[in-house]
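S.K.: Fold the following.
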Amino acid sequence: MEVEVFWQLKNITMRFPGVIALNDVSLDIYKGEIIGLIGENGSGKSTLIKCLSGINQPQKGEFYCQGKSVKIINSAVSQKLGVSTVYQEFSLVPTLTVTENIFLGRLLKDKKGFVDWRTMHEKTRSILDTMQIDIDENAIICNLSVAEQQLVEITKGYTANGSLMILDEPTTALTTPEIKRLHKLLRKLASTGHTIIYISHRIDTIMKFVDRIAVLKNGMLVGIVDISEITMDKIVKMMSGRQITEHYPKQRNVQDEVILKVENLTTEIGVNGVSFEVRKGEVFGLMGLLGSGRTEIARALFGVDKVTGGKIYFKGKEVKFNNPQQAIEARIAYITENRKTDGLFLNFNGPKNSTTARIKKLFKSKKLHILDLKKELKTYDESNKQLVIEPPLEYKFVSFLSGGNQQKVVISRWLFAEADFFIMDEPTQGIDVGSRIEIYNLINKFTAAGKGVLLISSDHLELLSMSDTIGNLKFGKITSIVDARDAGEKNNTN
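M.R.: Numbers count the residues shown, from 1 in each chain. Predicted structure coming up:
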C-alpha cells in the first residue's frame, strides 16, 4: 500500500546570531505514522518544532501540508493547519478544570451568545471516554498527577483537531506503567489517522514505539531509520558521531564508613518515618512512583522542608538544617529535579551560576567583601575542563544553553562549593545520551573520592544500573532496602 506524505519540510534553514540552528533540513512525514525526532542537546530539535509551531520563522525553506505550500507565520496559522504541540513544560492553567483547559480560547456558545458549559462538559466527557482516559472532566488541573496532566494536554490537542501532534519529551516524569499507557493512547490516535512527532532522549523507550526515527546532529538531518533497522548502537552513533559501548559505566567504590544516617525522618508533607544509611563512595538510589516522597526526602535533607521528627547524622554528627545555607555549609549539594526553576539563575552566565553556593570563596579578603571576578573565571575554566561544558560561556546566559550544558553548570556549582554529599534528583532528565554518560562518569568520580550520592530517578534502568543500594519508597516510607544488583535481577525476571 502506498504511503501518503502528509507534511513535507524542504531545505529548512534557521540562523541565530553566531549559530546555524537548522541547516538545509528536508523531511517527509507520513499520515498516521509516529516518527521519533532525536539528537543531542543543541542538535536543532526544539528549533525545528518551533518552526512547525509558528514560533520561529526560518530564513530559508518551505513547508507543504498535503501537497500544498503553506506559510507558517505565527502559532495561530500553525494551529489552523492542524499542528498541536505538547511542550515539556505544560501550557495548562492549574486553577481551571479539565473542561475549561481543553476549551480555553475557543469556548462554545449557545444561540443566545452565552457560554455553553453543558455542551463543553458533554464533549469533554465523550472525548475522554473515546480516548479511554479515566479523568473527571470537572477535576482541577493542579489536583491531577503529572501523568494525568500529560493526558489532558494530549486531549486538548486532539480536541483542537490536531492532525499533526508534536510531543516534546512526553515521558520525562512518567513511570514505566504510565509510559505504556501513554504509548497505547498515541498508537490509538495514529490508527485513526493522526500523525505524531515524538521527541525524547530516552532512546531505549522511543525505539520500541515509533515507526521511524529521524536523527539531527549540529542542525542537520543525518539520517532516517526505519523501525526494522533500529538498534541502540546505530542510533547513538548517528547522534553523537562516536561508538558508545557502555551506556551505564558503573564503578563500585563503596567504603565501610557511613557518611549519612537518617533515623525516622518525618516532615509535614511527604516523608513518614524514613530510615536509611549511605556510606562513603556509595550511590543510594530511591525507587518509587511520583508522589511516593522521593523529592520530599531530598528537600528535607537539604533544609528546604521543615523536619518534624527523626534525626539526621552527617559525618558522624547529628545535624539540624533549618535552611539550605546550613546544608551547603556542611558540604551537602542538591541538584534539583527542575534545573530551570530551582537550580539556575537563567539571566546569569556560567561563571556566576557556578559560584553562587559558596560566594565567600571569591572575597578578596575576610574584611573586604569585594569579589575577585578573575578568580571566578579561572575557577570556572577549571570546571569547564573537567565537565566539558560548551565553550565559550563567559558571556552567555545559561538560558541559551542546551539542557546537558545547563546541568553541567549546576554540577560545577557544587564542585566549587566542595560538596562531600550529592543529592541528585533526576540528574539526567531531558539531556542526550552523550551528556548522560558524562554525568554517570562524574558520579563515578564522586564515589571514587569517597563522596556519597543519593540518586533519585524515574528511569528505572538508570537507577538500577548506577546505584549500589536501592531503597524502595511508598507513601513516604522506605519499605525495603536491597542491593541494586539483586533488585536488577528481580526486575529482569518480572
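
S.K.: In the stretch 1-150 of the chain, where is pLDDT below threshold?
M.R.: Where the stretch 1-150 of the chain drops to pLDDT under 70, the residues are 1-2, 89.

S.K.: how about 80 then?
M.R.: Scanning the stretch 1-150 of the chain for pLDDT under 80 picks out 1-3, 17-19, 40-42, 87-90, 131, 145-147.

S.K.: Where do the strands of it begin and end?
M.R.: Per DSSP state E, counting those that start in this stretch, the stretch 1-150 of the chain carries strands over the ranges 5-16, 19-30, 34-38, 60-65, 68-70, 83-86.

S.K.: What strand or helix carries Ala327?
M.R.: For Ala327, the host element (DSSP states H and E) is helix 324-329.

S.K.: tell me which residues of that helix are tucked away?
M.R.: Neighbour-count burial for helix 324-329 flags Ala327, Ile328 (criterion: 16 or more other C-beta atoms under 10 Å). From N, CA and C alone the C-beta is placed, and that goes for glycine too.

S.K.: what's in contact with it?
M.R.: Helix 324-329 has contacts (C-beta atoms under 8 Å, 6 or more residues apart in numbering) with Leu301, Phe302, Gly303, Val304, Val319, Phe321, Tyr334, Ala357, Arg358, Ala417.

S.K.: Around the fifth one, how many other residues sit close by?
M.R.: Counted with other C-beta atoms under 10 Å, the neighbours of Val319 add up to 16.

S.K.: ok now stretch 214-221, how far from the chain's centre?
M.R.: Computed by C-alpha atoms, centre = their mean, to the nearest Å, the chain-centroid distance of stretch 214-221 equals 20 Å.

S.K.: Now do the end-to-end distance for it.
M.R.: Start and end residues of stretch 214-221 are separated by 7 Å (C-alpha to C-alpha, to the nearest Å).

S.K.: can you give me the strands in the stretch 301-450 of the chain?
M.R.: All strands of the stretch 301-450 of the chain, identified by DSSP E, counting those that start in this stretch, fall at 307-314, 317-319, 332-335, 421-425.

S.K.: Output those strands in TSV; the columns should cover mean pLDDT.
M.R.: Below are those laid out as TSV (pLDDT from 0 to 100):
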stretch	mean pLDDT
strand 307-314	96
strand 317-319	96
strand 332-335	95
strand 421-425	96
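
S.K.: State the distance spanning the first to the last residue of stretch 331-350.
M.R.: Note: stretch 331-350 ends 21 Å apart using C-alpha to C-alpha.

S.K.: Tell me the buried residues in that stretch?
M.R.: Quick answer for stretch 331-350 (16+ other C-beta under 10 Å): 331-337, 339, 343-344, 348-350.

S.K.: Stretch 276-289 too?
M.R.: Here stretch 276-289 shows 276-289 as buried, counting by 16+ other C-beta under 10 Å.

S.K.: do the same with stretch 369-386
M.R.: Glu376, Thr379, Tyr380, Ser383, Asn384.

S.K.: Now, those residues that are in helices?
M.R.: Taking DSSP state H as the definition of helices, these contribute Glu376, Thr379, Tyr380, Ser383, Asn384.

S.K.: ok, and what's touching stretch 308-320?
M.R.: Residues from elsewhere that reach stretch 308-320 (C-beta under 8 Å, 6+ apart): 258-268, 273-275, 301, 307, 321, 326, 330, 332, 420-421.

S.K.: correction: stretch 436-449
M.R.: So stretch 436-449 is in contact with 201, 244, 247-251, 253-254, 281-283, 387-388, 404, 407-408, 411, 422, 424, 427-428, 431, 453, 455, 462, 466, going by C-beta under 8 Å, 6+ apart.

S.K.: which of those are buried?
M.R.: Looks like those have 201, 244, 247, 250, 253-254, 281-283, 387, 404, 407-408, 411, 422, 424, 427-428, 431, 453, 455, 462, 466 buried, using 16+ other C-beta under 10 Å.

S.K.: Filter the residues you listed down to the ones in helices?
M.R.: Counting by DSSP H, these contribute Leu387, Gly404, Gln407, Lys408, Ile411, Glu462, Met466 to helices.

S.K.: Show me which pair in the buried residues of stretch 276-289 is furthest apart.
M.R.: Lys280 and Leu289 (29.6 Å; C-beta to C-beta).

S.K.: mind giving me a markdown table with the strands of the stretch 1-150 of the chain and columns for mean neighbour count and distance to Gly193?
M.R.: Supplementary listing: the strands of the stretch 1-150 of the chain in a markdown table, determined by neighbours: other C-beta atoms under 10 Å; distance: least, C-beta to C-beta, whole Å:
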| stretch | mean neighbour count | distance to Gly193 |
| --- | --- | --- |
| strand 5-16 | 18 | 9 |
| strand 19-30 | 18 | 11 |
| strand 34-38 | 24 | 12 |
| strand 60-65 | 16 | 14 |
| strand 68-70 | 12 | 18 |
| strand 83-86 | 23 | 14 |
